[in-house]
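Colleague: Below is the sequence, then the predicted model.
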Number of protein chains: 2
Amino acid sequence: MTERALTAEEAVRTAAMFKALGDPVRLRLFSLVASHEGGEACVCDISDVGVSQPTVSHHLKKLKEAGLLSSERRGTWVYYRVQPAVLAAMGQMLASRD
Amino acid sequence: MTERALTAEEAVRTAAMFKALGDPVRLRLFSLVASHEGGEACVCDISDVGVSQPTVSHHLKKLKEAGLLSSERRGTWVYYRVQPAVLAAMGQMLASRD
DNA sequence: ACTCTGGTTCGACATGTGTCAACATAGATA
DNA sequence: TATCTATGTTGACACATGTCGAACCAGAGT
């Protein structure tokens, strides 16, 4: 980030990811998935964040659309897992300080 | 982020920073300041991002309120600079993958 | 004091966003 | 097929947000 300025298109794409983490409920859901064993979590494991179940589902969908999470149905339950590459890219972008 | 889940209060504080970078115009302004020589930039140097000048000022204020930028008036011009500590903390949080 | 230039604040408007209750769907199991 | 449980979707609402033009403020230099 300190080496060169972002182009307009880069800014649009990257801002969408930051925006997805820019809500307390979403950030918490994301961190719950990320910190869960195996890097994935069932919705039933992470749905206690103080909002209703439809709201949880809504936020998980947003995180998915932003490319930060992926989901997979296994039988009755749906499991979410983080997309490590995207996460690492965001971190590296912020941390590059030279 | 992968080690433990965020508490509700942590999520509120951290989400505010991500939210500040979650707008394309703001992210671009921020990267323009961050990539400018000396780590600081005059508003006149970075005001060409496709929106009106009052809008630029509005976004710079938001970035300031989020703790990501600081501003200082020197004579006629106002200079903005990044707050390295906050930036590094965000990057480290995303990049910690163990 | 006047004026010019750089920057911020104000007021207003359209659009986006978070939230919930109600409804819908997918699998499992009887 | 009927039904129960776990998730997702829809519709509606209040509220937040991005944007602009107009008005305003702060220094510098006549």
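Modeller: Okay, I see it. Computed from a predicted structure; not experimentally measured. Residues are numbered from 1 along each chain as shown, chains lettered A, B, ... in the order given.

Colleague: what's the distance between the closest residue to A:His59 other than its chain neighbours and DNA strand D?
Modeller: Closest residue to A:His59 apart from its sequence neighbours, by C-beta to C-beta, 6 or more residues apart in numbering or on different chains: A:Arg26 at 4.6 Å. For every residue, glycine as well, the C-beta is placed using N, CA and C. To DNA strand D, A:Arg26 is 13 Å away according to C-beta to the nearest atom of the strand, to the nearest Å.

Colleague: Please apply the same query to A:Ala11.
Modeller: Distance from A:Ala11 to DNA strand D, by C-beta to the nearest atom of the strand: 11 Å.

Colleague: Following the chain past the host helix or strand of that residue, name the next helix or strand.
Modeller: Assigned by DSSP states H and E, A:Ala11 belongs to helix A:8-20. For helix A:8-20, the following helix or strand on the C-terminal side (DSSP H and E) is helix A:24-35.

Colleague: Quick one: mean pLDDT for that next one?
Modeller: Helix A:24-35 carries an average pLDDT of 97.

Colleague: that older thread, can you list the helices and strands that the helix holding A:Ala11 packs against?
Modeller: Counting contacts by 3 or more C-beta pairs under 8 Å, 6 or more residues apart in numbering or on different chains; DSSP states H and E, helix A:8-20 packs against helix A:53-65, helix A:84-95, helix B:8-20, helix B:24-35.

Colleague: that older thread, quick check, the residue nearest to A:His59 in contact with A:Leu63.
Modeller: Yes - between A:Arg26 and A:Leu63 a contact is recorded at 6.0 Å, counting by C-beta atoms under 8 Å.

Colleague: where do the contact lists of the two overlap?
Modeller: Shared contacts of A:Arg26 and A:Leu63, defined by C-beta atoms under 8 Å, 6 or more residues apart in numbering or on different chains, comprise A:Ala20.

Colleague: residue contacts, the residue sitting nearest the centre point of chain A?
Modeller: In chain A, the residue lying closest to the centroid (C-alpha atoms, centre = their mean) is A:Leu68, at 3.8 Å. Contacts for A:Leu68 (C-beta under 8 Å, 6+ apart) come out as A:17, A:20-21, A:30, A:82-83, A:86-87.

Colleague: Having no further points to raise, I will conclude here.
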